[in-house]
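[1] fold the following and give me the result.
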Amino acid sequence: AVVSTQSTGASFDSCIKQTILILTRKMSSSPSLGWRGKLKDLFSQTEREGFSPLDQPIVIPQNVPFYKKLFAFLGPALFVGVGYCDPGNWATDLAAGSQFGYKLLWVLLLSNIMALVLQVLTTRLALVTKMDLAKICKVEYPRVICILLWITMEIAVIATDLAEVIGTAIGLQLLINLPLLAGVVLTALDTLLFLLIQKYGIRKLEIFILILLGAIGFCFVIELFIVAPNGVDVMKGFLPSIDRSGVNVAIGILGATVMPHNFYLHSGLVQSRSFEYTPQNLRQAFFFNVIDTVAALNFAFFVNASILIVSAAVFYSRNIIVDDLGMAYNLLSGIMNTKVASIVFGLALFCAGQSSTITGTMAGQIIMEGFLELKLVPWVQRLVTRLLAIVPAVIVILITGSSGTYQLLIFSQIVLSFALPFAVIPILRFTASKRIMGPFTNHAALTLIASLMVLFIVSLNVWAIFEIFVDLTSSGTKGKVFAFVLLAPLSLVLVVLMVWITFFWKVQSDNFGSREKMLEMEEKITG
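    Residues are numbered from 1 along each chain as shown. Alright, predicted model coming up:
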């Protein structure tokens, strides 16, 4: 039995009571089930109505002015954009700015362009197939490959959640002087915040995310005004140049900007728009989603570039290397002779952590349901993921204090970068497949451009793994053991998986979900 949640005026108390009622009924039902069956029945979600915002799609109006149709389509990319502004990005951008000045701005720009192109391909794939990326992988790949991809993407979600946990906790510490450890534990409660907001539907979630994004953007407009960077020096940062010392930071920027799980998220969110499935409507949907994606990702680029520019202008110019978000907060007020700079910095960091929390939850939901066909009640999925992120954060804080959290943030973004090929390679292969995309298959030029981007991502990752391996083997016995026992075998598994999905992918099913519709559509187009 599932309690209806259609009333948008329900209070937070009624939302909690509903969840408790569902759990109580599930535990009391099916008395013949064993403990495993009861556990599965408790956490599985056979009826998603009222729990997922994707259950209430927005119907796209027909025969209305351009601006009304555009407004109806705008929104899904906001979740992607806010994911690119999470606290992990802050750590990599601050590190890049304080260590290398403006020199890595070109990496940010290139990462944004790659994210834009690949996200556009993702929306095309999802709109044509009417499936998210995880579900398509489930149809196309063998079970073993799907499980490996699922594990990789779940690690990426946990790495992102780790950044959100640390970022939110640091934001609370800076703003209200809450102890870091208490802030980390307190972040588990934002599961209830998501539970409250999501029951009002996808549009309300989009508005909430837009408010948080607006707050972050406004904060950095103020920061840039206070810092007043040199425009000529900033423009020089867009000229490509990098040395060995900047590789890991560049990898972190890449992983933080082109986040792997965001492709799965975006492919699921575009399904929240409902329209008649015709060639003309599909082309309109492509166009409007491009506008949505360009606007959201360019805003994210502005935020990330602003963080790097502020860091370069304030810290690099004074030979200060920032290795702690709290350090950046404290130094800003002293160097700029105004408390406003620090308060705005802390507020923007807190907003970034909270907004990214929602996107991480939804991405984890889409990935798990797509790969495993396992549907969990969102608060359960959220709580499990959050606990997996809290544990390493608590351990690091207990051992190293606040200083270790910054390195943990950088590490989480490197993990994201290593997971990136396992999102972008399937997108490239699927969108270039005539069988899957029908008349909307990628043009050869677009496939070539996307292939070069993927090759760049893979090459940078291989370089980073090699640099890490060299550093470990030269750091003593413990480093050598870690390199040969853990890093080498793990890298080999990832390389084999990457080679397989790139070169040995074959059709696993002749019953592809959109194939009949594609054939019908192709007949309409070719006449």
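[2] only C-alpha atoms for contact and neighbour calcs from this point on.
    Will do.
[3] would you map the strands across the chain?
    Assigned by DSSP state E, the strands in the chain fall at 58-59, 273-274.
[4] save those strands as a markdown table, and put in distance to Thr122 too.
    Conversion of the strands of the chain to a markdown table gives the following (distance: least, C-alpha to C-alpha, whole Å):
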| stretch | distance to Thr122 |
| --- | --- |
| strand 58-59 | 20 |
| strand 273-274 | 15 |
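[5] deepest of the ones you listed, which one?
    strand 273-274 (a mean of 17; mean count of other C-alpha atoms under 10 Å).
[6] mean confidence for that one?
    The average pLDDT for strand 273-274 rounds to 86.
[7] chain center to that strand: distance?
    Relative to its parent chain, strand 273-274 has a centroid offset of 22 Å by C-alpha atoms, centre = their mean, to the nearest Å.
[8] likewise stretch 135-153?
    18 Å.
[9] out of the strands of the chain, nearest to Met153?
    With C-alpha to C-alpha as the measure, strand 273-274 is the member of these nearest Met153 (24.9 Å).
[10] how about residues contacting the closest one?
    Residues from elsewhere that reach strand 273-274 (C-alpha atoms under 8 Å, 6 or more residues apart in numbering): Pro57, Ile58, Val59, Ile60, Phe73.
[11] export those to a markdown table and tack on distance to Gly353?
    A markdown table is the format used below for the contacts of strand 273-274 (distance: C-alpha to C-alpha, whole Å):
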| residue | distance to Gly353 |
| --- | --- |
| Pro57 | 27 |
| Ile58 | 27 |
| Val59 | 31 |
| Ile60 | 31 |
| Phe73 | 26 |
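[12] just these: which has the poorest pLDDT?
    Pro57 (77).
[13] so who does that residue touch?
    Ile202, Gln271, Ser272, Arg273, Ser274.
[14] can you do 7 Å?
    Under the criterion of C-alpha atoms under 7 Å, 6 or more residues apart in numbering, the neighbours of Pro57 are Ser272, Arg273, Ser274.
[15] need phi/psi at it.
    Main-chain dihedrals, Pro57, degrees, to the nearest 10: phi -70, psi 150.
[16] regarding the chain, what is its longest helix?
    Ranked by residue count and defined by DSSP state H, the top helix of the chain is helix 279-314.
[17] tell me the mean pLDDT for that one?
    In the prediction, helix 279-314 has an average pLDDT of 91.
[18] now, which of the contacts of Pro57 sits nearest His443?
    Arg273 (25.5 Å).
[19] from Ile136, how far out is the closest one?
    19 Å (C-alpha to C-alpha, to the nearest Å).
[20] in stretch 211-226, what counts as buried?
    Leu212, Leu213, Ala215, Ile216, Gly217, Cys219, Phe220, Glu223, Leu224 (16 or more other C-alpha atoms under 10 Å).
[21] now do stretch 322-342
    Neighbour count says stretch 322-342 has 322-326, 328-333, 340-342 buried, by 16+ other C-alpha under 10 Å.
[22] from the residues you listed, which land in helices?
    Going by DSSP H, the helices hold Leu325, Gly326, Ala328, Tyr329, Asn330, Leu331, Leu332, Ser333, Val340, Ala341, Ser342 from these.
[23] which one among those sits at the bottom for pLDDT?
    Ser333 (71).
[24] per-residue pLDDT, the nearest residue to that residue once chain neighbours are set aside?
    In space, and not counting its chain neighbours, Ser333 is closest to Lys339: 4.8 Å by C-alpha to C-alpha, 6 or more residues apart in numbering. Note on Lys339: pLDDT of 77.
[25] Lys339 is in contact with Leu331, isn't it?
    No: assessed by C-alpha atoms under 7 Å, Lys339 is found out of contact with Leu331, at 10.1 Å.
[26] picking up where we left off before, save the buried residues of stretch 211-226 as JSON lines, and put in distance to Gly370 and pLDDT too.
    JSON lines is the format used below for those (distance: C-alpha to C-alpha, whole Å; pLDDT from 0 to 100):
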{"residue": "Leu212", "distance to Gly370": "29", "pLDDT": "82"}
{"residue": "Leu213", "distance to Gly370": "28", "pLDDT": "84"}
{"residue": "Ala215", "distance to Gly370": "33", "pLDDT": "86"}
{"residue": "Ile216", "distance to Gly370": "32", "pLDDT": "85"}
{"residue": "Gly217", "distance to Gly370": "33", "pLDDT": "85"}
{"residue": "Cys219", "distance to Gly370": "37", "pLDDT": "85"}
{"residue": "Phe220", "distance to Gly370": "37", "pLDDT": "84"}
{"residue": "Glu223", "distance to Gly370": "41", "pLDDT": "84"}
{"residue": "Leu224", "distance to Gly370": "42", "pLDDT": "88"}
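[27] widest-spaced pair of the residues you listed?
    The widest separation within the buried residues of stretch 211-226 (C-alpha to C-alpha) is 18.7 Å, between Leu212 and Leu224.
[28] how many residues are close by Leu398?
    Using other C-alpha atoms under 10 Å, Leu398 is surrounded by 12 other residues.
[29] for burial, what's the neighbour tally of Asn177?
    11.
[30] distance of it from Gly171?
    According to C-alpha to C-alpha, Asn177 and Gly171 sit 9 Å apart.
[31] coming back round to it: and the longest helix of the chain, what does it pack onto?
    helix 66-73, helix 76-83, helix 87-100, helix 105-129, helix 202-227 (3 or more C-alpha pairs under 7 Å, 6 or more residues apart in numbering; DSSP states H and E).
[32] widest-spaced pair of the ones in helices among the buried residues of stretch 322-342?
    Leu325 and Val340 (16.2 Å).
[33] ok so, going back, in a markdown table, list the ones in helices among the buried residues of stretch 322-342 along with distance to Gly81.
    Listed next are those as a markdown table, based on distance: C-alpha to C-alpha, whole Å:
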| residue | distance to Gly81 |
| --- | --- |
| Leu325 | 22 |
| Gly326 | 25 |
| Ala328 | 24 |
| Tyr329 | 24 |
| Asn330 | 28 |
| Leu331 | 28 |
| Leu332 | 26 |
| Ser333 | 28 |
| Val340 | 26 |
| Ala341 | 24 |
| Ser342 | 24 |
